[in-house]
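J.: Sequence plus the predicted model coming up.
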Amino acid sequence: MGRKEYLREYYKRNREKALKKQAEYSKKKGLVFMREANKKSAKKRVEDLYKLMGYKCVCCGITDSIYFNIDHVNNDGYLERNKGRASKKLTVSEYLKNPKKYQLLCANCNHAKQLNGGKLYKPKKKKKRQVLAYAYSHNNGL
């Protein structure tokens with residue numbers, strides 16, 4: 001009998017004792033401890049992904065990670081969601097399998113891409129004179 005089978009039999013014979021021990025451990029460590037551990041590992045996973053992706057928005061170049069979204073380049077994120085994965089979060093190993101499938105966008109650029117039919121949207125820059133003329137005409141009207 002292997003270790004796995006032995007442990008399975010031991011659990012069957014001592015189920016109440018095992019459940020009591022598990023409850024004591026949960027009470028001792030608490031759910032708060034487990035939640036904090038999960039938050040830390042998720043934050044580390046996301047930071048690792050951002051580092052691999054260059055830590056800046058592909059479209060506008062912003063480097064503040066609070067605004068980052070991981071975007072599907074070909075707008076095929078719905079296919080992954082329909083696969084029924086247990087976790088819908090991108091992992092480092094999944095990213096490394098096909099890094100050209102994903103890109104890092106800030107929230108504004110990601111939303112603009114959605115509104116632009118799935119194409120990256122880069123607004124045309126106004127010349128300095130046009131901006132000043134616009135500001136001058138609106139300030140004199142007050």
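T.: Yes, it's here. Residues are numbered from 1 along each chain as shown.

J.: pLDDT below threshold where in this structure?
T.: 31-32, 84-88, 125-142 (pLDDT under 70).

J.: Which residues are in contact with Ile66?
T.: Applying Cβ atoms under 8 Å, 6 or more residues apart in numbering to Ile66 gives no contacts. Quick note: C-beta positions are derived from backbone N, CA and C, even for glycine.

J.: if I look at it, how far off is Asn116?
T.: Remark: distance between Ile66 and Asn116 (Cβ to Cβ, to the nearest Å) = 23 Å.

J.: go on, Tyr10?
T.: Distance, Tyr10 to Asn116, by Cβ to Cβ: 61 Å.

J.: Likewise for Arg15?
T.: 58 Å.

J.: what's the answer for Lys44, then?
T.: Going from Lys44 to Asn116 by Cβ to Cβ gives 33 Å.

J.: list the helices and strands the strand or helix carrying Lys28 packs on?
T.: Element membership for Lys28, per DSSP states H and E: helix 15-52. In terms of contacts (3 or more Cβ pairs under 8 Å, 6 or more residues apart in numbering; DSSP states H and E), helix 15-52 is packed against helix 92-97.

J.: Buried ones in the helix it packs on, by neighbour count?
T.: Buried residues in helix 92-97, defined by neighbour count with 16 or more other Cβ atoms under 10 Å: Glu94, Tyr95.

J.: what's it in contact with?
T.: With contact meaning Cβ under 8 Å, 6+ apart, helix 92-97 is reached by Arg45, Asp48, Leu49, Leu52, Met53, Tyr102.

J.: Stretch 25-45 too?
T.: By Cβ under 8 Å, 6+ apart, stretch 25-45 touches Lys89, Thr91, Val92.

J.: C-alpha coordinates for it, CSV please?
T.: This file holds the C-alpha atoms of stretch 25-45, laid out as CSV (Å, rounded to 0.1, in the frame of the first residue of the first chain):
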residue,chain,number,x,y,z
TYR,A,25,-6.3,25.2,12.2
SER,A,26,-8.8,27.4,10.3
LYS,A,27,-9.8,29.1,13.6
LYS,A,28,-6.1,29.5,14.5
LYS,A,29,-5.0,30.9,11.2
GLY,A,30,-8.3,32.4,10.3
LEU,A,31,-9.8,33.2,6.9
VAL,A,32,-8.3,36.7,7.0
PHE,A,33,-4.8,35.1,7.0
MET,A,34,-5.8,33.0,3.9
ARG,A,35,-7.3,35.9,2.1
GLU,A,36,-4.2,38.0,2.7
ALA,A,37,-2.0,35.2,1.4
ASN,A,38,-4.2,34.9,-1.7
LYS,A,39,-4.1,38.7,-2.3
LYS,A,40,-0.3,38.8,-2.1
SER,A,41,0.2,35.9,-4.5
ALA,A,42,-2.3,37.5,-7.0
LYS,A,43,-0.5,40.8,-6.8
LYS,A,44,2.8,39.2,-7.4
ARG,A,45,1.4,37.3,-10.4
